[in-house]
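K.L.:
sequence and predicted structure are below.
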Protein chains: 2
Amino acid sequence: MATDAPWQAIALRKQAQRQSRIPSAWLLKTPPLTSTLDVRFIPGTSGILDSHELFITENYDATSLADAIRSHQLTAEEVTIAFCKRAAIAQQVCNCLTEIFFDKAIERARLLDKEYERTGKTLGPLHGVPVSLKDSFNVVGFDSSIGIASLTGKPAKENALLVDILLEQGAVLYCKTNIPQTLMALDSDNNVFGRVLNPRNKLATAGGSSGGEGALVAMRGSVLGVGTDVGGSIRIPAMCGGLYGIKPSAERIPYVGQENGSRKGASNIGLPASAGPIAVSLRDCELFLKTVSDARPWERDPSLAYGLWSEQGSIERQPLLGVIRQDGVITPLPPVSKALDETVKSLRNSGLEVIEIDAPAFKKCQSLANKFFGIDGGNHMFDLLEATKEPLTTWLSTRLRRGTPISLDRLVDIHAQKVELETEMLKVWRDPRTGRQIDAFICPVAPHPVPPIDRWNGVSYTSSFVLLDYPAGTLPVRDFSEEDLNCVLSNSKPLGSWDKINRELWDEKTVDRRIYLNTTLSVQVVAPKLQERRLYQAMSLIDSILQMKSIGRAKL
Amino acid sequence: MATDAPWQAIALRKQAQRQSRIPSAWLLKTPPLTSTLDVRFIPGTSGILDSHELFITENYDATSLADAIRSHQLTAEEVTIAFCKRAAIAQQVCNCLTEIFFDKAIERARLLDKEYERTGKTLGPLHGVPVSLKDSFNVVGFDSSIGIASLTGKPAKENALLVDILLEQGAVLYCKTNIPQTLMALDSDNNVFGRVLNPRNKLATAGGSSGGEGALVAMRGSVLGVGTDVGGSIRIPAMCGGLYGIKPSAERIPYVGQENGSRKGASNIGLPASAGPIAVSLRDCELFLKTVSDARPWERDPSLAYGLWSEQGSIERQPLLGVIRQDGVITPLPPVSKALDETVKSLRNSGLEVIEIDAPAFKKCQSLANKFFGIDGGNHMFDLLEATKEPLTTWLSTRLRRGTPISLDRLVDIHAQKVELETEMLKVWRDPRTGRQIDAFICPVAPHPVPPIDRWNGVSYTSSFVLLDYPAGTLPVRDFSEEDLNCVLSNSKPLGSWDKINRELWDEKTVDRRIYLNTTLSVQVVAPKLQERRLYQAMSLIDSILQMKSIGRAKL
């Protein structure tokens, strides 16, 4: 790597610019010790937020913030300042931000307060609520460099449609968040902005590709962030942060107006990505999805399906849930299976019917999804990198290389395979004994707990639902416990190479299991295509049962 | 053309098989004279249907047939026999059928009657209603040869999903209908089954590609038929037959399980076709769309969007309509503009607001759609034809040839153009002065009236809404009148080669305008993507106003 490669100067400049956008009063007097692994306490001890600001950032979700602003208990301005301060601290301890525009945010919040004062009307359901955005979303006047040097210094001239909608509905935008180089890695690390750290444990991954978003929300530097997901990029960082995250179907929420390092039109022939929320509460996910859907985004983005929030399905009065315990590619490690099992037991104990789903087609999904990710040979991305002689990050360097775009015949073939697999997978939605429709099913988010940095293994549990275009969400179950450390891995024959690598994440020879302490075990909930409300209702039902259980546990 | 080419023997065999499936008592004693151009009277004089059967076939639509069967005024059996007889006659005078299964249909109708007698319950909203199908739909035990010799003798082993749904909802299937070779022509002619004739005027085209369907319904050998449309193939034959026809958005009605001469998976990267109704009444189109949507087809076809009929949009209480008078590629001939103008005037006279829409992007749609139709070079189709040494039909022979599949880069490019054009076209849905949404707009179905055989010119007015995936329907306005013959064509400079050819259809040197007498002038109604109910409501409103006007005219 030449020391004078153009990308290096660009990275230094970009980092300096980012640093300069944090008011000096909001800079930490002393950075945390390297040995401090859980940095979530730092906003509380930093002296940068006063007690009111700490209260605002720690005791509200987006829904209650909107309520408090609407009922004049809080002003948009004080809320915005509190979250800008906390986001500034999050950046200093987790490196989770890319573009910072606190000044504009505070100015807008003041304007919103004034207008509300003057008219007595809020702009919309998000009036005054700070919302953070993944770096890929275009915001006028700021780069969408996605951590690639050659894309810096090109401020967006138009907002992404979702950005416009959020603003119209009253949101306050204040920062964009860090991502992995190429957006196709599970750790959010790039040459321009560096690596995002997990605030719960700096040795654990923050996940990706919406890793900055996950870390920022886990720090409560945001309560509601917007990520994108084409392989797990919302659900994985949500799991890493112990948060809620929903990947909608691709035709639901506007994705248009983002930089993602691929050519325009490419998503029409491959697997389209989705935009969706990462949040501290499940109801905030609904607030986001409902607000955006009811703003009729299909009138402005031709790729979207018609459908108000009330027209996005619902669960039955007596819901039937399913559980898929493994995908046939990677057997979940014991604590993952245990959390899933506990969830199923809680649901059944509450009187809910949960049936075991046998989904033999599930194991074909990952390899087919991988074929789609490789159709264009990644040439556009490599061109972008080479323009400033930028190297791949270490993790990607052994996994990516330039390829040849596949032929049209081959493309038709893999689409035919997709149709066949989608059709086969539709069977999972029906109870084979009774013919009844399953309202939603649960399965792992990943076959392992939140792993050490750069060791996320396989995305079969998440990318499959991109291939199938099912809305899917991450739901926290409980924290990993000391007791979980003693789970024993069966010594059956591995299912394949992915499974073998996965077992290393439970092998004391290659991992210190104690890294999993202080991370959250989650499950994934999945609903049929374009039924986001059905997904939300199922998640809400499961979440309420898990919350009751945890209240019960606390009382004992 | 070698006299011993394999396709010729196959065609003879297939035609003999078709003929053998018409009971001899239903064969016309004397075929109509060649000089008889309007053959619609023949069922009435044939002596094959008795007066009750004539009444059944001439005085009901699918909705009232279903009502009459449900209320025990008619049996499914007598209805089915009546329509089988009339379809048999239609075949003999219009050559509109391919596969015939009257015996199975009558057997099923008897079973439906018995079951209804026994249980007091109908199978569904279509209980006992005969429904005809385009040849492309797989029906177990019968070919889906689409008029290609090499595809004959391969009876389907599974029903198309839509076939299963229609059966589950009580429909009686009795025949499949004739199409053009390759499905990519506007006259329905092929080497295996021959050419479909227009029963209103044998010198005028019956249209295509669902031309057999249009002719059969125009003969009232069916009141409700199912066609498919990827360039105008439902809307064009509906216009040729003076009928109603709706092309839904591609993700709405199951298309899966058809033979269309292309490779599996191909529609995922190109323009997908839609299945939809051709019917004698508009409410039958609703019956079809509502019945299929409410059968939850998305649970069985993964390509479909979620959405019950009630979740497919609606018009406003005070609707705002638009009119697009021309597409910028071909100026409509005077009678077409006149019918459109009359429609707009009637709507305005009824107090409806109709605004003029300027849609500069419209003219780019056709050439982009054409790029999509050519992406695979048609090689699969040519292979099918060459397998039996089958030549192209005369009309296609100057228009089709083997090409090379385009590159992936080029494919991405045309998809990028599509996204850009779709986005630009979204502007037509908003009144630029007030910002109000337009509920639906009207425009021509074609730039000319129903033309002579093999002279349909251009499909820009129909294929554009396949490119854009807007639901669109054909609505009959009134019959072409003697007075219309005197319309004068402006002598402005032609817009281009398509426009020039179009003018020849009004030039007495190249056409006898009297061919247009006895054909129907229609308009097209268009709604935004996936809002089929909104389209239906708009069409229904316009139709009721036009009907009132025609009643008014009749009274004068």
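P.N.:
It's in. Quantities reported herein were computed from a predicted structural model and do not represent experimental measurements.
K.L.:
only C-alpha atoms for contact and neighbour calcs from this point on.
P.N.:
Will do.
K.L.:
quick one: the residue in the stretch 1-150 of chain A positioned nearest to chain B from residue A:157, how far?
P.N.:
When you check the stretch 1-150 of chain A against chain B by C-alpha to the nearest C-alpha, the closest residue turns out to be residue A:138, at 17.3 Å. Using C-alpha to C-alpha, to the nearest Å, we find residue A:138 at a distance of 8 Å from residue A:157.
K.L.:
which of the two has more neighbours?
P.N.:
For residue A:138 and residue A:157, the more surrounded residue by other C-alpha atoms under 10 Å in any protein chain shown is residue A:138, and the numbers stand at 27 against 12.
K.L.:
re earlier: got any residues that touch both of residue A:138 and residue A:157?
P.N.:
With contacts taken as C-alpha atoms under 8 Å, 6 or more residues apart in numbering or on different chains, not a single residue reaches both residue A:138 and residue A:157.
K.L.:
quick one: name the residues of chain A near chain B.
P.N.:
Near chain B, the residues belonging to chain A are A:263-266, A:268-269, A:299-303, A:305-307, A:311-313, A:376, A:405-409, A:412-417, A:419, A:422-423, A:426, A:429, A:529-531 when assessed by C-alpha under 8 Å from any C-alpha of the partner chain.
K.L.:
what mean pLDDT does the host helix or strand of residue A:115 get?
P.N.:
When secondary structure is defined by DSSP states H and E, residue A:115 falls within helix A:102-119. For helix A:102-119, the mean per-residue pLDDT is 98.
K.L.:
for the helix or strand following it, packing partners?
P.N.:
For helix A:102-119, the succeeding helix or strand toward the C-terminus, using DSSP H and E, is strand A:130-134. Judged by 3 or more C-alpha pairs under 8 Å, 6 or more residues apart in numbering or on different chains; DSSP states H and E, the packing partners of strand A:130-134 are helix A:76-94, strand A:172-177, helix A:211-218, strand A:224-229.
K.L.:
give me whichever of those is most buried.
P.N.:
Mean neighbour count, computed with mean count of other C-alpha atoms under 10 Å in any protein chain shown, is highest for helix A:211-218 among the helices and strands packed on strand A:130-134, reaching a mean of 35.
K.L.:
confidence-wise, which helix or strand of chain A is lowest on average?
P.N.:
The helix or strand of chain A with the poorest confidence is helix A:532-555; it has a mean of 90 (mean pLDDT, DSSP states H and E).
K.L.:
report the buried residues of it.
P.N.:
Applying a neighbour-count criterion of 16 or more other C-alpha atoms under 10 Å in any protein chain shown, one finds A:532-543, A:545-546 buried in helix A:532-555.
K.L.:
which one of the residues you listed is nearest to residue B:359?
P.N.:
Closest to residue B:359 out of the buried residues of helix A:532-555 is residue A:532 (34.0 Å), distances taken as C-alpha to C-alpha.
K.L.:
of the buried residues of helix A:532-555, just say which sits nearest to chain B.
P.N.:
Set against chain B, the nearest of the buried residues of helix A:532-555 by C-alpha to the nearest C-alpha is residue A:532 (10.3 Å).
K.L.:
setting aside sequence neighbours, what's the nearest residue to the closest one?
P.N.:
Closest residue to residue A:532 apart from its sequence neighbours, by C-alpha to C-alpha, 6 or more residues apart in numbering or on different chains: residue A:312 at 5.6 Å.
K.L.:
give me the contact list for stretch A:76-90.
P.N.:
Stretch A:76-90 is contacted from outside by A:22, A:26-28, A:42-43, A:48-49, A:53-54, A:56-57, A:65, A:69, A:96, A:102, A:105-106, A:109-110, A:112-113, A:127-130, A:172, A:174, A:215-216, A:219-222, using C-alpha under 8 Å, 6+ apart.
K.L.:
once you drop chain neighbours, what's closest to the closest residue to chain B within the stretch 401-550 of chain A?
P.N.:
Of all residues in the stretch 401-550 of chain A, the one sitting closest to chain B is residue A:416 (3.9 Å; C-alpha to the nearest C-alpha). The spatial neighbour of residue A:416 that comes closest, neighbours along the chain excluded (C-alpha to C-alpha, 6+ apart), is residue B:265 at 3.9 Å.
K.L.:
what about residue A:388, neighbour count?
P.N.:
Residue A:388 has 18 neighbouring residues, counting by other C-alpha under 10 Å.
K.L.:
cool, residue A:323 as well?
P.N.:
Residues within reach of residue A:323, counting by other C-alpha under 10 Å, total 24.
K.L.:
appreciated, that's everything.
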